[in-house]
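*Asks:* attaching a predicted model along with its sequence, questions to come.
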Amino acid sequence: EVDIPAVLRSVVLSLQPVAEKQNVKLIVEGAETSEMVPGDHDQLTQVFTNLIENAIKYGGRDKEVHICMTSHTVEPTMRSSAIRVDISDQGEGIASQHIPRLTERFYRVDSHRSREMGGTGLGLAIVKHILNRHRGRLRIESHKGQGSCFSVILPYE
Ligand code: ATP
Ligand code: MG
């Protein structure tokens with residue numbers, strides 16, 4: 001059992017220095033009470049670390065990243081109650097043709113720019129792998145010029 005709000009708080013705390021370097025504000029909403037889901041603590045920490053790190057990195061300087069948790073969402077595609085965490089940024093967004101490929105290993109939208117920014121292009125592939133093992137989902141919503149929202153959906157049972 002993993003307390004998702006506690007994981008979110010600790011990930012935000014550990015990425016605070018990274019955010020401060022870019023003058024990015026990390027804002028957590030809806031994560032006041034504890035909500036337990038079955039799963040592996042370290043793996044789920046990795047999921048939120050990778051997604052929030054991306055939001056900081058690709059969201060741009062002087063912007064905000066919102067991390068918003070909703071619980072007891074009944075997901076029509078899942079048949080069970082679930083927790084959902086939306087991680088949204090105010091970056092350039094992602095053109096729709098790239099979205100289905102983002103979780104492929106080493107796939108990067110702008111490989112030249114991404115190389116300059118560092119990293120390997122594995123972050124989202126790891127997220128997808130871990131969420132599959134938890135019977136969870138990753139939903140990506142983004143429009144060029146309007147920022148991105150990555151949603152993690154984790155079933156309770
Ligand atoms: P790594 O995570 O291994 O350090 P990475 O961030 O490039 O490297 P992923 O996290 O897998 O790799 O992301 C893949 C690509 O998806 C990125 O290179 C970037 O082009 C795009 N991407 C991911 N998150 C965002 C985002 N929030 N906004 C815009 N583009 C994004
Ligand atoms: Mg990444």
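*Replies:* Here it is on my side, so go on. Numbers count the residues shown, from 1 in each chain. Ligands and ions are numbered 1, 2, ... in the order given.

*Asks:* and this structure, which residues reach ligand 1?
*Replies:* 50, 54-55, 58, 89, 91, 94, 102, 107-110, 114, 119-125, 148 (C-beta under 6 Å from any ligand atom). From N, CA and C alone the C-beta is placed, and that goes for glycine too.

*Asks:* flag every buried residue along stretch 11-23.
*Replies:* 11, 12, 15, 19 (16 or more other C-beta atoms under 10 Å).

*Asks:* will you turn the residues you listed into TSV that also has distance to ligand 2?
*Replies:* Listed next are the buried residues of stretch 11-23 as TSV, based on distance: C-beta to the ion, whole Å:
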residue	distance to ligand 2
11	14
12	16
15	12
19	14
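
*Asks:* any idea how far ligand 1 is from residue 39?
*Replies:* 21 Å (C-beta to the nearest ligand atom, to the nearest Å).

*Asks:* ok, now residue 44?
*Replies:* Noted for residue 44: a distance of 16 Å to ligand 1, by C-beta to the nearest ligand atom.

*Asks:* isn't that residue right up against residue 134?
*Replies:* Yes: using C-beta atoms under 8 Å, residue 44 is in contact with residue 134, at 7.3 Å.
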